[in-house]
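> Sharing a model that was predicted from the sequence below.
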Amino acid sequence: FEARVPILGFNVPAALLLQSRGSSNYHGGQFSLTKRLSKGLQFNVAYTFSKSIDTMSTDPGSTAGSGKPDVPNSGFIAQGDSRNLENNRGLSDFDRTHRFSTNFVWEIPTGGSKNRWISGWSMSGFFQAQSGTPFTVFASEPEIANVSQLTSTTRGAGGIYRPGFGRPNINCTADQAVSNGGTNNLAVINSSCFSSAFGQFGNLGRNTFRGSMQKRFDVSFAKNTRINERMSVELGFDMFNVFNTVNLANPNSDLQDSVDFGIITNTVGGPRVGQIRAKFRF
């Protein structure tokens, strides 16, 4: 592969050529409804419908490079054919088609009572639901050692050209290749849908698949008790992820991960957590 470099003597594993050739665009519709505090109630509802497309989602000069430009990583190396970035055009790594969120504060009515133990109670909450992020099936560094390895789905994904990230050929539809993950079915990628690119650049596009959606609901109860005109005490109880929803991360999609390829091994966000808090105002 040293014979195919643009400059004679260019050491492929140890040198890097950076160019400002990226492109991106974003289109979105944002909608919101807000009720200001009146009669003890306020809330906000927001929804965004959007699409972001680019050729790379990470700034090559960012810390994603980790100071090691000779090591393939998302910050420095374009997937697939680096001489044809338009072939790398796809959904941005951070794209989310739908995002809905709402929050509210409700001062619980007292029925006209001025009793310090009955008044001062409030409830607030936050809910969010959003689409998952896109991901790609790839081989992190598909270097071949001999001709027989060209038939390997992993090493044949751009092995002759030795790209930082090589994509294989896909032989199924996107729905057949990746299923929706569930807590009882975490193996979501069908490896039989992918085949070797025989040392060339595979026909699988970038960020062709999308991970599971995420949602959460947080709630808080508080009691504010006034001691005098200058001082008051607030006691509260907060619960995060009230329904203990399991939000799945994207599956491991590196073909060179022989142990966990195609399996979801991580979650996004934490489990249900509660806390008690106290605040003294003066």
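Nice, I can see it. From a predicted model like this one, the values you see are computed outputs, not experimental measurements.

> This structure: strands as residue ranges?
Ranges of strands within the chain are 24-38, 41-54, 90-91, 98-107, 121-130, 134-135, 169-170, 194-195, 209-210, 214-226, 232-240, 273-281, based on DSSP state E.

> quick one, which of the ones you listed is nearest to residue 180?
Checking the strands of the chain against residue 180 by Cβ to Cβ gives strand 209-210 as the closest, at 9.8 Å. Just so you know, the C-beta spots here come from the backbone N, C-alpha and C atoms, and that holds for glycine as well.

> and that closest one, what other elements does it pack with?
strand 134-135 (3 or more Cβ pairs under 8 Å, 6 or more residues apart in numbering; DSSP states H and E).

> Tabulate the strands of the chain (JSON lines), appending mean neighbour count.
Shown next, in JSON lines, are these (neighbours: other Cβ atoms under 10 Å):
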{"stretch": "strand 24-38", "mean neighbour count": "10"}
{"stretch": "strand 41-54", "mean neighbour count": "16"}
{"stretch": "strand 90-91", "mean neighbour count": "22"}
{"stretch": "strand 98-107", "mean neighbour count": "16"}
{"stretch": "strand 121-130", "mean neighbour count": "16"}
{"stretch": "strand 134-135", "mean neighbour count": "22"}
{"stretch": "strand 169-170", "mean neighbour count": "18"}
{"stretch": "strand 194-195", "mean neighbour count": "22"}
{"stretch": "strand 209-210", "mean neighbour count": "20"}
{"stretch": "strand 214-226", "mean neighbour count": "17"}
{"stretch": "strand 232-240", "mean neighbour count": "15"}
{"stretch": "strand 273-281", "mean neighbour count": "10"}
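
> For these, give me TSV that also has mean pLDDT.
Listed next are the strands of the chain as TSV, based on pLDDT from 0 to 100:
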stretch	mean pLDDT
strand 24-38	96
strand 41-54	97
strand 90-91	94
strand 98-107	97
strand 121-130	96
strand 134-135	94
strand 169-170	95
strand 194-195	94
strand 209-210	94
strand 214-226	95
strand 232-240	95
strand 273-281	95
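
> Now tabulate those in TSV and tack on distance to residue 148.
Below are these laid out as TSV (distance: least, Cβ to Cβ, whole Å):
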stretch	distance to residue 148
strand 24-38	40
strand 41-54	37
strand 90-91	32
strand 98-107	46
strand 121-130	45
strand 134-135	30
strand 169-170	18
strand 194-195	16
strand 209-210	30
strand 214-226	43
strand 232-240	53
strand 273-281	53
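
> Out of the ones you listed, which is closest to residue 254?
Closest among these, using Cβ to Cβ: strand 134-135, at 10.3 Å.

> strands paired with that closest one, and their directions?
strand 209-210 (antiparallel) (DSSP bridges).

> Not counting its own residues, what contacts the strand it pairs with?
91, 131, 132, 133, 134, 135, 136, 137, 174, 177, 178, 253 (Cβ atoms under 8 Å, 6 or more residues apart in numbering).

> How about stretch 41-52?
Contacts of stretch 41-52 with the rest of the structure, by Cβ under 8 Å, 6+ apart, involve 24-36, 91-92, 94-107.

> still on that earlier bit, and the contacts of strand 209-210, which is closest to residue 240?
residue 132 (20.4 Å).

> Am I right that the closest one is in contact with residue 251?
No. Residue 132 is beyond contact range of residue 251, at 10.7 Å (criterion: Cβ atoms under 8 Å).
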